[in-house]
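S.K.: Have a look; sequence and predicted model below, questions after that.
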Amino acid sequence: HVKTPFSTPFLMNCKELPAGARVGYDRELGVTIFGAQYRKDVIAVNDGHRRLAAVKRAIELGAPIKTIPLVLKERSDTMADLTISLLHSNEGLPFNMYEKSVIAKRLKSYGWSNADIAKEMRCTTAFVGELLTLAGAPQAIQELVKGGQMSGTLAVKTVKAHGEKASEVAKAGAATAAAK
């Protein structure tokens, strides 16, 4: 069970990684086993989402990978602990603004204040506010951001400036940009 949304640019990067994935692994995937909330044990990746995606892509392309090394994390870790681990264990491709917005939204849902999120994410509370605006933006705008057709910053500005009409404005802007 991989619980992290990825953008199209991220997935395109994974398509470029299989050659490295065929050679080997630089470190194990971190996983946690959850049970009660799912009514059965579920293994959740909490460190190595991109490596897992790259390995799956390599297997699709015919790489002879039979096993993937895993490290079992503490079962007692909370979802907030795992989210923080995800944030700080990322040593590869930096998270884009959309991915950061998902992390901020998760932490907010666990009862964290904007100030606490900012401290953990090493950014300003104003930026956390922008991340939460993006995380709460209409689905159409989020899809434009995930697809690389609109920057996260422009998405936030559009939502703030146009409110309920933000999706229409964003789609029109993306269509105009695509036509050029």
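M.R.: Sure, I can see it. Residues are numbered from 1 along each chain as shown.

S.K.: Can you list the residue ranges for helices in the protein?
M.R.: 8-16, 18-23, 49-60, 79-89, 97-109, 114-121, 125-135, 139-146, 152-162, 166-179 (DSSP state H).

S.K.: Please identify the deepest-packed of those.
M.R.: Most buried of the helices of the chain by mean neighbour count (mean count of other CB atoms under 10 Å) is helix 97-109; its value is a mean of 21. Bear in mind the C-beta positions are built from the backbone N, C-alpha and C, glycine included.

S.K.: Counting by contacts, list what that one packs against.
M.R.: helix 79-89, helix 114-121, helix 125-135, helix 139-146, helix 152-162 (3 or more CB pairs under 8 Å, 6 or more residues apart in numbering; DSSP states H and E).

S.K.: try 6 Å this time
M.R.: In terms of contacts (3 or more CB pairs under 6 Å, 6 or more residues apart in numbering; DSSP states H and E), helix 97-109 is packed against helix 79-89, helix 125-135.

S.K.: Same list (the helices of the chain) but as CSV, adding distance to Ile68 and mean pLDDT.
M.R.: Listed next are the helices of the chain as CSV, based on distance: least, CB to CB, whole Å; pLDDT from 0 to 100:
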stretch, distance to Ile68, mean pLDDT
helix 8-16, 15, 42
helix 18-23, 10, 41
helix 49-60, 6, 74
helix 79-89, 17, 71
helix 97-109, 22, 92
helix 114-121, 29, 95
helix 125-135, 30, 97
helix 139-146, 26, 93
helix 152-162, 31, 95
helix 166-179, 37, 90
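
S.K.: what's the closest of the ones you listed to Thr67?
M.R.: helix 49-60 (10.1 Å; CB to CB).

S.K.: got the CA positions of the closest one in CSV?
M.R.: Taking Å, rounded to 0.1, in the frame of the first residue of the first chain, the C-alpha atoms of helix 49-60 are listed here in CSV:
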residue,chain,number,x,y,z
HIS,A,49,8.3,5.5,-2.7
ARG,A,50,10.4,6.7,-5.6
ARG,A,51,12.8,3.7,-5.4
LEU,A,52,9.8,1.4,-5.3
ALA,A,53,8.2,3.1,-8.4
ALA,A,54,11.6,2.8,-10.2
VAL,A,55,12.0,-0.9,-9.3
LYS,A,56,8.4,-1.6,-10.5
ARG,A,57,9.1,0.2,-13.8
ALA,A,58,12.4,-1.7,-14.2
ILE,A,59,10.5,-5.0,-13.7
GLU,A,60,7.9,-3.9,-16.3
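
S.K.: now it and helix 97-109, what's the angle there?
M.R.: Helix 49-60 runs at 130 degrees relative to helix 97-109, counting by axes from the mean of the first three to the mean of the last three CA atoms, to 10 degrees.

S.K.: packing partners for helix 49-60?
M.R.: helix 8-16, helix 18-23.
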